[in-house]
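Trainee: Test case, fold it:
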Amino acid sequence: MNNILYSITNKVIENYKLIKQKLRFDGEYINHFASLIFVEDYNIDIDKIKEIRKYIKTNTNKMSSFRGDMLYMISILISKEENYKEFSDKVININDVLEENDFKENDFLVLAAYTIAKHIEFNNIDSTIKDMKIIYNSLKENYKGFTDEEDYLVCALLAIKNNKNKGEAKNIHEYIDSMFKHLLDLEHYSKNDLQGIASSIVLNDKASAPYEIKALINAFNKNNMKISDEVLPLIGIIEREENINSYLEKINEVNQYLCDEDGEYAFYMDKTFRTLISIVIVEFYELFKNSTKNEFLNELMCFSVYSFLVSKKQGIFEEVLA
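Mentor: Take a look at the predicted model:
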């Protein structure tokens, strides 16, 4: 493992140990999420995170979706903002406008509201929400039974990208459909999974992305490192400037180092979640090496980790009913 990758991986481990102690009631998935979010040059301000949670609770309805795991996660993201009260108000107001535009209140809508607040200036919020609604309705019409509230985030991201590129929102489903057809022969994934990754690939600016991402997913599967459906949307936007074998070697190096340094990664963690952590660490390495930024990395990372939480809770619920 080279020095930069070694340093980033160690920072993630150190972050996790601190956050696990200070925010232990968040649970391991959110603690690991925070350990990745703060790999960049940000101080982990635990008091600020707690203040944000209290502020949002005070300024939203007790029965709103600004509670529980999603509140924990967006408060971690918002803690990076200089004026957390102003930014929190912006997120809450955007969420209200989204609901007024017939989007259903839920946790994924809160994440979509945060994303719009993060990437869109005030004057462009209404047009972005309008585009988001067009995109969502278009996908729902073209992918009957495969589009639901979980797609709110990717629709928000597509609307943000469309707004910045001055494109036509009504045409985006055509690009997604071409990606979807390109991915149809991927094994072990449902059509819903493929629709999710097809949507995120449209966010990727690289012309070769559809071919590279498909080849990468196949390579992960062939090497007994199956990409879980929770991680697929994140895979669609990753940066990779080297060949697949070199990339997978780095993933394996990080994976092994995590297990060697802390038994919690080896013995108390789902293998697919550890693969997610390794992928994100290598992504930060690629971005640092190339002096670039992955615009939507944090939002899709949040989505993936939250999806793991939802799957875990559903599994526990099914066990209780069995």
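Trainee: alpha carbons only for contacts and neighbour counts from here, please
Mentor: OK.
Trainee: For the helix or strand containing I134, list every residue counted as buried.
Mentor: Taking DSSP states H and E as the criterion, I134 maps to helix 125-142. Within helix 125-142, the residues that count as buried by 16 or more other Cα atoms under 10 Å are 125, 128-129, 131-140.
Trainee: got it, and stretch 244-251?
Mentor: Under 16+ other Cα under 10 Å, the buried positions of stretch 244-251 are Y247, L248, K250, I251.
Trainee: Out of those, which two sit at the greatest distance?
Mentor: Across those, no pair lies farther apart than Y247 and I251, at 6.5 Å, counting by Cα to Cα.
Trainee: Which single one of the buried residues of stretch 244-251 is nearest to V97?
Mentor: Using Cα to Cα, I251 comes nearest to V97 of the buried residues of stretch 244-251, at 40.8 Å.
Trainee: List the contacts of K57.
Mentor: K57 is in contact with F66, R67, counting by Cα atoms under 8 Å, 6 or more residues apart in numbering.
Trainee: So, low pLDDT: which residues of the stretch 201-322 of the chain?
Mentor: Applying pLDDT under 70 to the stretch 201-322 of the chain flags residues 268, 314-322.
Trainee: quick one: N221 and A215 touch, right?
Mentor: No - using Cα atoms under 8 Å as the test, N221 is too far from A215 to be in contact (10.0 Å).
Trainee: give me every residue that touches the nearest residue to I213 once chain neighbours are set aside.
Mentor: Once flanking residues are discounted, I213 sits nearest to G236: 6.3 Å by Cα to Cα, 6 or more residues apart in numbering. Residues near G236 by Cα under 8 Å, 6+ apart: I197, A198, S200, I201, L203, N204, A209, I213.
Trainee: My understanding was that the first one contacts E230; is that so?
Mentor: It refers to I197. No - the criterion here is Cα under 8 Å, and I197 misses it with E230 at 10.1 Å.
Trainee: Of those two, which one has the most company?
Mentor: Ranked by neighbour count (other Cα atoms under 10 Å), I197 and E230 place I197 first, with 27 against 23.
Trainee: For the more buried one, give me its contacts.
Mentor: Neighbour list for I197: L232, P233, L234, I235, G236 [criterion: Cα under 8 Å, 6+ apart].
Trainee: Take the residues you listed and write them to TSV, including secondary structure.
Mentor: What follows is the contacts of I197, written out as TSV (DSSP: H, G, I helix; E, B strand; the rest coil):
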residue	secondary structure
L232	helix
P233	helix
L234	helix
I235	helix
G236	coil
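Trainee: quick check, nearest of those residues to I44?
Mentor: Nearest to I44 among the contacts of I197, with distances taken as Cα to Cα, is L234, at 23.8 Å.
Trainee: So what's the residue count around the closest residue to the closest one other than its chain neighbours?
Mentor: Leaving aside its sequence neighbours, L234 sits nearest to L300 (Cα to Cα, 6+ apart; 5.4 Å). By the criterion of other Cα under 10 Å, L300 has 23 neighbours.
Trainee: now swap in F25 and tell me
Mentor: Residues lying near F25 (other Cα under 10 Å) number 11.
Trainee: mind checking the SS state of it?
Mentor: helix.
Trainee: residue ranges of the strands in the stretch 151-300 of the chain, please?
Mentor: For the stretch 151-300 of the chain, no strands are identified by DSSP state E, counting those that start in this stretch.
Trainee: And for I94, nearest residue in space, chain neighbours not counted?
Mentor: A113 (5.5 Å).
Trainee: swap in L109?
Mentor: Using Cα to Cα, 6+ apart, the nearest residue to L109 is Y152, at 6.0 Å.
Trainee: quick one: E149 from A156, how far?
Mentor: Computed as Cα to Cα, to the nearest Å, the E149 to A156 distance reads 12 Å.
Trainee: between these two, who's got more neighbours?
Mentor: Neighbours per residue (other Cα under 10 Å) separate E149 from A156, with A156 holding more: 25 against 14.
Trainee: neighbours around the residue nearest to M70 when sequence neighbours are not counted, how many?
Mentor: Of all residues not flanking M70 in the chain, D107 sits nearest, at 6.1 Å (Cα to Cα, 6+ apart). When neighbours are defined as other Cα under 10 Å, D107 has 21 of them.
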